[in-house]
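K.L.:
Dropping a prediction and its sequence here:
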Amino acid sequence: MNWSNILTIYGKELRDMLRDRRTLLSMIVIPTLLMPAIMIGIGFIMFKVVRQARATAPTVMIIGGDDSPRARAALAANEKIKFVPLAADWRHQISDKKVRAAVEIPAGFDAALERGDAATVKIYNYEGEMRSGFAVGEVRRFFTDYRDKVITARLEGRGLPATFVKPFEVKTENVAPPEKVGGNVIGGIIPYMFLLLCFTGAMYPAMDLTAGEKERGTMETILCSPVSRLDLVLGKFFMVLTASLSTVLFSLISMGLTFMIGGAVMANMSGAGAAVRTAGAASGTASMLPSIDPLGMLAVLGMVLPMAVFFSAILLTISLFAKSFKEAQSYVSPLIILIVLPGVVGMLPGVELNTRLALVPILNVSLVSKELVSGVWQWHYLALIFGSSCVYAAVALGLAVKMFNREDVIFRT
Amino acid sequence: MIEAHHLTKTFKDKKRGEIHAAEDVSFRVEAGQIYGLLGANGAGKTTTLRMLATLLKPTSGHANVAGFDVVERAQQVRANVGFLAASTALYGRLTARETMAYFGRLNGIADAEIKVRTKRLADELGMHEFLDRRCDKFSTGMKQKTSIARTLIHDPAVMIFDEPTLGLDIMAARTIVKFVRDCRGRGKTVIYSTHIMSEVEKLCDVIGIIHNGKLLAEGTLAALRVRYGEQEMEEIFVKAVGGEGAK
């Protein structure tokens, strides 16, 4: 191994790549701009839609209740709901989103309340439709308040305290620290994102430096130089690894900035707290961002590192086999599923780390990262996963070197 | 000097079975000599030259290039060889100067010496005008000159040319032919493969006719003329490979 040659090759590949607009696009521009653009874009749209929806009173029809003027009058006085006259096709109108809901007041409702009989108010809605949901919420809130008022009046009439019907309260309180809560919520997504970016960042350079070189005829040129195949592979490998890690790094920085800036912007824009809370959940604003253990985040990066080595080497090996860039793409693109699948399994609730799963590449990193960002350090698993990942990476790199020594692969026609 | 002894290369193909791309090929090229390897497409020229340049390992037989065995001392062989082929392209995103520096460094030449050699080669080949421009913007002639400079930056003792004029216009081809002659003038050992008869007649001191992987005839142009009783190289070639109907 000649480090001077490896550095020369790496330096040339780096210069070459930095002059290639396509690489810059996939390595720097897309991870830096696209992710925040998507996040802010979706967040902004969600924020506007929700705010607008909340600002407009939902339209509701009242069915029946002609013999219950008290309930009807109280309901009509609610400013948060816009009542429209009943139409015969009210069911269709709800389905067609012309009205958001209908409320049916049973016959003799006022009288039934006077007598103390049971009565049922029915609300008709469009299940899953946001504005219909708002309408139902308002109508339900009105009738719950109305019921409470009736109960209070009845209790007062009998000289009984409010605790008569509510002898005790039930409350829940979170005792887990915020980073553990945050880790549990987004712990699965972060390593999954890292792994995916690691892979996609390495994809283009790996294909370009192998199949691309074969296609352009420069592979034969470099093979004629007195550089050993090992030095050549390592020079190219370090370049692919650089691209892979840069993609992660640029995404990380841009996502961090997005959370900070986006959060501040959103907070300024919001007057109504409720609207921000709903929009914030989608956009991930800073104030709503679940807190995570920063040391754990660093550890996740450490665990992802051997995976980046593994991906870079595997991608080099597979791409080298291809005769052209296009052929390499058809081999490499389906491999994304191999990253997505274990990543998704790792995010599923209830999938816990054990010794066997600790040896499954990708899935093991995904699972242990979930624990790490929650501030849980299971040292024996960490050692096992890091060790096994390093072994996989070494095997993949060995395979890449072996492939570069196979003339039937290099000169495949 | 190049010495090839019974070089044989067999490829395995799923559909066609075993393919004998080169079979028992032996020849010798002295320093200051141009050896022309003449053959039709698929005759085994590229395979033979790739074995000499250590890009392919011989299935059997052996070869010495610049005093080193092509299998045992492959890296030393490559350090003493300049390989130029139609299939050896340039890095489009590097400039001509960067290309020379890159290959100079890979050959272990110090940066100060690379600068001196770059200037000298640019003077000789008339490259100053485009030395700092990217290769992907070059005309064919500029590319050829840069490729020549790339092969010469480490001043190799042996030059291997594999159909270097393939697809070139007449002016670019002339640059190559002149360069090959210059190499002989500098005392380098030159092996030159082509299927263009006129190039062989103009350039080569010794001609080897290769067909179906086998070296069928070898000698100076004068000797081949006497042996086959023909003046034109084309006629000599047709007779050597077994007549018009030869496969």
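P.N.:
Cool, got the structure. Residues are numbered from 1 along each chain as shown, chains lettered A, B, ... in the order given.

K.L.:
what's whichever helix or strand residue A:7 is part of in contact with?
P.N.:
Per DSSP states H and E: residue A:7 is located in helix A:3-18. Helix A:3-18 is contacted by residues A:23-24, A:27, A:205, A:208-209, A:227-228, A:231-232, A:234-236, A:238-239, A:242-243, B:91, B:93-94, B:98, B:102, B:105-106 when judged by C-beta atoms under 8 Å, 6 or more residues apart in numbering or on different chains. Where C-beta positions appear, they are placed from N, C-alpha and C, glycine not excepted.

K.L.:
can I have that helix written out in CSV, keeping just the CAs?
P.N.:
Extracted in CSV, the C-alpha atoms of helix A:3-18 (Å, rounded to 0.1, in the frame of the first residue of the first chain):
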residue,chain,number,x,y,z
TRP,A,3,-0.3,6.3,0.8
SER,A,4,1.2,8.9,-1.5
ASN,A,5,-0.5,7.2,-4.5
ILE,A,6,-3.8,6.8,-2.5
LEU,A,7,-3.7,10.5,-1.6
THR,A,8,-2.9,11.5,-5.2
ILE,A,9,-5.9,9.4,-6.5
TYR,A,10,-8.2,10.7,-3.8
GLY,A,11,-7.1,14.3,-4.5
LYS,A,12,-7.7,13.9,-8.2
GLU,A,13,-11.1,12.3,-7.7
LEU,A,14,-12.2,15.0,-5.2
ARG,A,15,-11.2,17.7,-7.7
ASP,A,16,-12.9,15.9,-10.5
MET,A,17,-16.1,15.4,-8.4
LEU,A,18,-16.2,19.0,-7.3
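
K.L.:
in whatever helix or strand comes next after that helix, what's buried?
P.N.:
Elements were assigned by DSSP H and E; along the chain past helix A:3-18, the next helix or strand is helix A:21-24. For helix A:21-24, the neighbour count (16 or more other C-beta atoms under 10 Å in any protein chain shown) marks residue A:23 as buried.

K.L.:
does chain B sit close to helix A:21-24?
P.N.:
No: for helix A:21-24, no contact with chain B is found by C-beta under 8 Å from any C-beta of the partner chain; the gap never falls below 10.0 Å.

K.L.:
which secondary structure elements does that helix contact?
P.N.:
Other helices and strands packing on helix A:21-24, by 3 or more C-beta pairs under 8 Å, 6 or more residues apart in numbering or on different chains; DSSP states H and E, are helix A:189-207.

K.L.:
What average pLDDT does the helix it packs on get?
P.N.:
The pLDDT scores in helix A:189-207 average 85.

K.L.:
Could you do stretch A:26-34 as well?
P.N.:
Rounded mean pLDDT across stretch A:26-34 is 77.

K.L.:
That stretch spans what distance, first to last residue?
P.N.:
End-to-end distance for stretch A:26-34: 10 Å, by C-alpha to C-alpha, to the nearest Å.

K.L.:
quick one: residue B:234 is in a helix?
P.N.:
Yes: membership of residue B:234 in a helix is supported by DSSP: H, G, I helix; E, B strand; the rest coil.

K.L.:
Tell me the confidence at it?
P.N.:
With respect to pLDDT, residue B:234 scores 87.

K.L.:
Might you report the residue contacts of it?
P.N.:
For residue B:234, counting by C-beta under 8 Å, 6+ apart, the contacting residues are residue B:197.

K.L.:
how much space is there between it and residue A:306?
P.N.:
Distance, residue B:234 to residue A:306, using C-beta to C-beta, to the nearest Å: 62 Å.
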